[in-house]
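[1] next come a sequence and a model predicted from it.
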Number of protein chains: 2
Amino acid sequence: MKIAILKAANELLEEQGLSGFTIDAVATRSGTARSSIYRWWPNRGALAIAGFLAETAQKIGYPVTASAVADVKSQMMRVAEVYGQKVGRTISALVAQGQSDPEALRALLDGYVLPRRDEAKKALLRGIANGELRADIDLDVVIDALYGPIWYRILVPHAPLTPEWAATLADYVFNGLRPGAGGAE
Amino acid sequence: MKIAILKAANELLEEQGLSGFTIDAVATRSGTARSSIYRWWPNRGALAIAGFLAETAQKIGYPVTASAVADVKSQMMRVAEVYGQKVGRTISALVAQGQSDPEALRALLDGYVLPRRDEAKKALLRGIANGELRADIDLDVVIDALYGPIWYRILVPHAPLTPEWAATLADYVFNGLRPGAGGAE
């Protein structure tokens, strides 16, 4: 039943954005009682993020090969592709809502942003372990450098989000983080 | 008179955000006729951006020293400091509004984002000219890598925006763009 609720939640988000997103609408579409939904999610914000995450996270997992740097680069290209579609519009609606609604922002951070950052961290730690990346890098800054520009291009769309652009971004950032590339100033 | 209007516009934005921002309110506060305001700005979105830009741009100009890389790094630290204050809340309100209002988004891009990117481009071109940066870099990607994470931390505030963080970000990105740092993969 949980899966049906999450699927209905994500479909509603994609079709109508946040404005038409209510617990009632999700209950109707998934054929579930409101009480069942509230058993798992405290409010519509949390349910929206959960639906979005369930659908999106499986599309943007990290491959695991011998090169963690190549894994992150190809995942970033995939993210650019996925976020360039309907998902990008959902993200922009969720972020916009979050600017005036602290609860929605908290749900976005806890339900999506921080778990995704943890996944990125694991991939980067593989890169440190196998000698592709310097051991002294601040992983939070690296994740901001790799993924911040992707969110920026969704929210402040001065130019399109493409896999080719994401590949160049990954190359530039990783290029300065290799053990041979010298330390920060 | 133009300066008085822009000053009033920016003050209103800082005090009340976009929700209380109207041409009437700016006219009253600046002691100007509505018709005078409309002579220069076609709508409230354009006026909001212009007021914001007039006040903010002068705080975040680029220094010009022998090192363009150092100039951009210190400007980024200043941006992090300025955006960490009221300006950041204004930016987040403007971006949020832009997600459901194409005219507001256009005003933000044309009135603020693109002019700021042009300034960044000039500074980076100095860095190429003086040999600090590789000549073959894609400046649009570099600007996304340097400034995208700053917007990301304002809009998706998983951690605070600080000058120290901006300095590390600048070091990481520039480290991979030096002539000796090797080409992109």
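    All right, it came through fine. Numbering: from 1, shown residues only, chains lettered A, B, ... in the order given.

[2] output the lowest mean pLDDT helix or strand found in chain A.
    Using mean pLDDT, DSSP states H and E, helix A:44-57 stands out as the lowest-scoring helix or strand of chain A, at a mean of 87.

[3] send the alpha carbons of that one over as CSV?
    The C-alpha trace of helix A:44-57 is given here as CSV (Å, rounded to 0.1, in the frame of the first residue of the first chain):
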residue,chain,number,x,y,z
ARG,A,44,1.4,17.0,2.8
GLY,A,45,5.0,18.4,2.5
ALA,A,46,6.5,15.2,3.9
LEU,A,47,4.4,13.1,1.6
ALA,A,48,5.2,15.2,-1.5
ILE,A,49,9.0,14.8,-0.8
ALA,A,50,8.6,11.1,-0.1
GLY,A,51,6.7,10.5,-3.4
PHE,A,52,9.3,12.6,-5.3
LEU,A,53,12.2,10.8,-3.7
ALA,A,54,10.8,7.3,-4.2
GLU,A,55,10.4,7.9,-7.9
THR,A,56,13.6,9.9,-8.5
ALA,A,57,16.2,8.3,-6.3
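
[4] which is the next helix or strand following it?
    helix A:68-83 (DSSP states H and E).

[5] centre of the chain versus that following helix, how much separation?
    Computed by C-alpha atoms, centre = their mean, to the nearest Å, the chain-centroid distance of helix A:68-83 equals 11 Å.

[6] quick one: distance of the least confident helix or strand of chain A to the chain centre.
    In terms of C-alpha atoms, centre = their mean, the centre of helix A:44-57 is found 11 Å from the chain centre.

[7] quick one: work out the angle between it and helix A:68-83.
    Interaxial angle of helix A:44-57 relative to helix A:68-83 (axes from the mean of the first three to the mean of the last three C-alpha atoms, to 10 degrees): 120 degrees.

[8] list the buried residues for helix A:44-57?
    Within helix A:44-57, the residues that count as buried by 16 or more other C-beta atoms under 10 Å in any protein chain shown are A:44-56. Using the backbone N, CA and C atoms, a C-beta is placed for each residue, glycine as well.

[9] and the residues you listed as CSV, adding distance to chain B?
    Output for the buried residues of helix A:44-57, formatted as CSV (distance: C-beta to the nearest C-beta, whole Å):
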residue, distance to chain B
A:44, 18
A:45, 15
A:46, 17
A:47, 20
A:48, 15
A:49, 13
A:50, 18
A:51, 19
A:52, 14
A:53, 14
A:54, 20
A:55, 19
A:56, 15
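
[10] of the residues you listed, closest to residue A:27?
    Residue A:27 lies nearest to residue A:47 out of these, by C-beta to C-beta, at 10.2 Å.

[11] any idea how far chain B is from the closest residue to residue A:163 other than its chain neighbours?
    Excluding its sequence neighbours, the residue lying closest to residue A:163 (C-beta to C-beta, 6 or more residues apart in numbering or on different chains) is residue A:77, at 3.9 Å. To chain B, residue A:77 is 13 Å away according to C-beta to the nearest C-beta, to the nearest Å.

[12] check contacts around the residue lying closest to residue A:33 once chain neighbours are set aside.
    Using C-beta to C-beta, 6+ apart and skipping the chain neighbours, the partner closest in space to residue A:33 is residue A:27 (6.5 Å). With contact set as C-beta atoms under 8 Å, 6 or more residues apart in numbering or on different chains, residue A:27 has these partners: A:33-34, A:36-37.

[13] chain A: strands as residue ranges?
    Assigned strands in chain A: none (criterion: DSSP state E).

[14] ok, so of the contacts of residue A:27, who is nearest residue B:17?
    Distance to residue B:17, by C-beta to C-beta, is smallest for residue A:37 among those, at 32.6 Å.

[15] and that closest one, how many residues sit next to it?
    21 (other C-beta atoms under 10 Å in any protein chain shown).

[16] just confirm it contacts residue A:25, I think it does.
    No: Residue A:37 lies out of contact with residue A:25 (C-beta atoms under 8 Å); the separation is 10.8 Å.
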